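# What follows is a predicted protein model with its sequence.
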Amino acid sequence: MAASPDNPAPTTPRRKPGRHRGEGQWAAGHFTPLNGNEQFKKDDDGLNVRTRIETIYSQRGFDSIDPNDLRGRMRWWGLYTQRRQGIDGGKTAILEPEELDDEYFMLRVRIDGGRLTTEQLRVIGEISQEFARGTADLTDRQNVQYHWIRIEDVPEIWNRLEAVGLSTTEACGDTPRVILGSPVAGIAADEIIDGTPAIDEIQRRCIGNPAFSNLPRKFKSAVSGSPQLDVAHEINDIAFVGVEHPEHGPGFDLWVGGGLSTNPKLGVRLGAWVPLDEVPDAYEGVISIFRDYGYRRLRTRARLKFLVADWGAEKFRQVLEDEYLKRKLVDGPAPELPKEVWRDHLGVHRQKDGRFYIGFAPRVGRVDGATLSKIAELAETHGSGRLRTTAEQKLIVLDVEESRVDSLVAGLEALGLKVDASPFRRGTMACTGIEFCKLAIVETKARGASLIDELERRLPEFDEPITININGCPNSCARIQVADIGLKGQLVLDGDGNQVEGFQVHLGGALGLEAGFGRKVRGLKVTSAELPDYVERVLGRFQAERAEGERFATWAARADEEALS
């Protein structure tokens, strides 16, 4: 039986109340809420807010919403209040929540495994145009995010999404968020194993299930059998990575405890090989450990990565086996390093059935509803009924006959969607930024788009893989610590001593090949206006000083501070 305030974990005797309240772990008998978030979750399950949205708030309007629902439980259905327009970044940490809140919402549509039909994409586009002022950003977690959503329209949006098999259930909140999956699962010629059946079963068991709707914090997941390691497995709370076991064949290597934000940690291997049909069991076991043993006292320590860091891989695996799975896991090999540096599946690629998939890049994930509807139409016209989102803010059309490839590529390019993209278009990622996010300090999307244009103009011959990740605050939604050039938004002083938007620079982070966090050079900050000059300068030095075949991350790790400034 799951641990809860009413059903404590049977493996640990309940302790008598004392002055020391520990970390708020349910499995240690600590059920008294130790902060406001834990209190509102105890008062009412976040899943229950849907009824109030449908029957009260959408009828009576924004002012009728209870504050604990508005800034808490509504996240369980993918809703965040967005930033009131005109509030500069200097006020982000000063104003009260009600001063930052606009009367509109961001609404996140979860797309598990990145899988979409053309019908679903068309509906996403129609909702964008009718209810979201045309907004529909692609995220680095394979989701789509709307802005400008009115509470009055939410029930109708849900009806339309759910009619085509989409959902916003637990797209946000202290819940099991979207499950990342290889965007070429089931079709790639080099695939080790297709994790799609496991994603479907995890969804069936865990998403919208009250047994897992009150976690200490968010829980990020990934399942991929691609040798390209295409779901950023190192920075998820749980990840299943395709491997070939020498005795048992294809399966998954189990990782836990990854995450970024202000205290980044790479996930660790448990050394366990999990067959496809046991992936949902292992997932359920790990998420149960997080629910029962996770730290609930401080929000800043409530992610699974802190528990894994304190326990270590050996103890975590032992608890998983002994208390939750009730069986031993099979030891297994680590995944091999990917042969490709790029993991976004951009370009034209032959599928294992002889047809082709085509990956293409908008700029920093910024699209709109009209464009998404045109993409759906193009895909259908060229014989495809399936698309995929990626963990790199890209899109892929599947199942295209060879005779239709050139025509589809031309149609996408006519929409400004690059199939043969520059390294800058391909490798630049940006979070939502101050345009809509209440946590942001600086603008990101337009800044990233203009940076791409400027670098393509200034460095047309640059052809090395490069990632430039732009974040509006320290929380790293755009993965600044694991980018070649990571830019953390903050206010800085310009040459005249004025406080302006700018970035702290991280250099040499990476995932996949030699995963690690970028270095911070003391005092290295750049204003937004200076950003193109800075990136051009540092890339020029990289080209001048690099050894043959050396990647930017490797060079940045050894370069002296003068070369990086």
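Happy to help now that I have it. Numbering: from 1, shown residues only.

# Could I get the full set of strands for the stretch 351-500 of the chain?
Taking DSSP state E, counting those that start in this stretch as the criterion, the stretch 351-500 of the chain carries its strands at 356-360, 386-389, 395-400, 428-430, 468-471, 485-493, 499-507.

# Of all these, which one is nearest Ser221?
strand 386-389 (15.5 Å; CB to CB). In short, each C-beta sits where N, CA and C put it, glycine included.

# The closest one pairs with which strands?
strand 115-117 (antiparallel), strand 395-400 (antiparallel) (DSSP bridges).

# Low-confidence stretches in the stretch 1-150 of the chain?
The stretch 1-150 of the chain contains residues with pLDDT under 70 at 1-21.

# before we move on, the earlier item: any chance of the strands paired with strand 386-389 in CSV, with distance to Arg150 and mean neighbour count too?
Conversion of the strands paired with strand 386-389 to CSV gives the following (distance: least, CB to CB, whole Å; neighbours: other CB atoms under 10 Å):
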stretch, distance to Arg150, mean neighbour count
strand 115-117, 25, 23
strand 395-400, 27, 24
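
# So Lys218 is in contact with Arg177, correct?
Yes: between Lys218 and Arg177 there is a contact at 5.5 Å, judged by CB atoms under 8 Å.

# Pro362 - nearest residue in space that isn't next to it in sequence?
Nearest non-adjacent residue to Pro362, counting by CB to CB, 6 or more residues apart in numbering: Leu417, 5.8 Å away.

# What distance do you get for that neighbour to Leu408?
Separation of Leu417 from Leu408 (CB to CB, to the nearest Å): 11 Å.

# Likewise for Gln203?
As judged by CB to CB, Gln203 and Leu408 stand 30 Å apart.

# swap in Glu456?
Distance from Glu456 to Leu408, by CB to CB: 23 Å.

# more crowded one of the two?
Remark: of Glu456 and Leu408, Leu408 carries more neighbours, 23 against 15, as counted by other CB atoms under 10 Å.

# In contact with the more buried one, which residues?
Leu408 makes contacts with Ile358, Leu378, Ala379, His382, Val397, Val400, as judged by CB atoms under 8 Å, 6 or more residues apart in numbering.

# Provide a list of residues in contact with the third one.
Residues counted as contacts of Ala379 (CB under 8 Å, 6+ apart) are Thr118, Leu121, Gly385, Arg386, Leu387, Val397, Leu408.

# What count of nearby residues applies to the first one?
The reference is to Thr118. Count around Thr118 with other CB under 10 Å applied: 20.

# Let the chain start at 271 from now.
Got it, the first residue is 271 from now on, which makes the last one we talked about Thr388.

# and of the contacts of Ala649, the nearest to Gly456?
Arg656 (9.8 Å).

# partner residues bridging the closest one?
Thr387.

# wouldn't it be in contact with Asp669 here?
Yes: with contact defined as CB under 8 Å, Arg656 counts as touching Asp669 (5.8 Å).

# Tell me if I am right that Tyr327 is in a helix.
Yes: Tyr327 forms part of a helix when assessed by DSSP: H, G, I helix; E, B strand; the rest coil.

# What distance do you get for it to Arg420?
For Tyr327, the distance to Arg420 - CB to CB - is 11 Å.

# Settle it for me: which of those two has more neighbours?
Per other CB under 10 Å, whichever of Tyr327 and Arg420 has more neighbours is Tyr327, with 22 against 15.

# mind listing what the nearest residue to Ala710 once chain neighbours are set aside touches?
Of all residues not flanking Ala710 in the chain, Gly742 sits nearest, at 3.3 Å (CB to CB, 6+ apart). Applying CB under 8 Å, 6+ apart, we find Gly742 in contact with Cys701, Thr702, Gly703, Ile704, Cys707, Leu709, Ala710, Ile711, Val712, Glu713, Thr714, Gly759.

# what's the answer for Arg411, then?
Residues in contact with Arg411, defined by CB under 8 Å, 6+ apart, are Arg447, Val448, Leu450, Lys490, Ala661.

# Go through the strands of the stretch 621-770 of the chain and name the closest to Ser494.
strand 656-659 (12.0 Å).

# so what's Leu763 closest to, chain neighbours aside?
Gln769 (6.2 Å).

# what stretches of the chain score poorly on pLDDT?
If you take pLDDT under 70 as the line, the chain has these spans: 271-291, 783.

# Mind checking what secondary structure the most centrally placed residue in it has?
Residue closest to the average C-alpha location in the chain (CA atoms, centre = their mean): Arg411, at 3.2 Å. With three-state DSSP as the basis, the three-state label of Arg411 is coil.

# picking up where we left off before, which one of the contacts of Gly742 is nearest Lys312?
Leu709 (25.1 Å).

# In contact with the closest residue to that closest one other than its chain neighbours, which residues?
Leaving aside its sequence neighbours, Leu709 sits nearest to Cys743 (CB to CB, 6+ apart; 4.8 Å). If a contact means CB under 8 Å, 6+ apart, then Cys743 has Thr362, Cys707, Leu709, Ala710, Ile711, Lys758, Gly759 as its contacts.

# ok, the residue nearest to the centre of the chain to Leu577 distance?
22 Å.

# for Glu426, same thing?
41 Å.

# Who has more neighbours out of the two?
Neighbours per residue (other CB under 10 Å) separate Glu426 from Leu577, with Leu577 holding more: 23 against 13.

# secondary structure class for that one?
helix.

# I figured it hits Tyr565, correct?
Yes: the criterion here is CB under 8 Å, and Leu577 meets it with Tyr565 at 6.5 Å.

# now the helices for the stretch 471-620 of the chain?
Here the stretch 471-620 of the chain has its helices, by DSSP state H, counting those that start in this stretch, at 549-563, 574-581, 583-589.

# If you could redo that for the stretch 671-820 of the chain, that was the one I meant.
In the stretch 671-820 of the chain, the helices defined using DSSP H, counting those that start in this stretch lie at 675-684, 693-697, 715-728, 801-815.

# In JSON lines: those helices, plus distance to Asp372.
Formatted as JSON lines, these follow (distance: least, CB to CB, whole Å):
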{"stretch": "helix 675-684", "distance to Asp372": "34"}
{"stretch": "helix 693-697", "distance to Asp372": "31"}
{"stretch": "helix 715-728", "distance to Asp372": "17"}
{"stretch": "helix 801-815", "distance to Asp372": "28"}
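
# Deepest-packed of the ones you listed, please.
helix 693-697 (a mean of 22; mean count of other CB atoms under 10 Å).

# quick one: it to chain centroid distance?
The chain centroid and the centroid of helix 693-697 are separated by 19 Å, computed with CA atoms, centre = their mean, to the nearest Å.

# Do I have it right that Val762 meets Gly793?
No: using CB under 8 Å, Val762 is not in contact with Gly793, being 10.5 Å away.

# Between these two, which has more neighbouring residues?
Neighbours per residue (other CB under 10 Å) separate Val762 from Gly793, with Val762 holding more: 18 against 8.

# Could you give the bridge partners of the closest residue to the more buried one other than its chain neighbours?
If the residues on either side of it in the chain are set aside, Val762 comes closest to Gly772, at 3.4 Å by CB to CB, 6+ apart. Gly772 has these beta-bridge partners by DSSP bridges: Gln760, Thr797.

# Report how many residues lie close to Gly772.
Gly772: 23 surrounding residues under other CB under 10 Å.

# Likewise for the one 10 residues further on?
A count of nearby residues for Gly782, using other CB under 10 Å, gives 19.

# so who does it touch?
Gln498, Leu499, Glu504, Leu607, Pro608, Val611, Arg613.

# Return the distance of it relative to Ala459.
Applying CB to CB, the value for Gly782 to Ala459 is 19 Å.

# same check, this time on Glu432
From Glu432 to Ala459 the distance is 35 Å (CB to CB).

# now Pro735, nearest residue through space, not along the chain?
That would be Val611: by CB to CB, 6+ apart, it lies 4.3 Å from Pro735.
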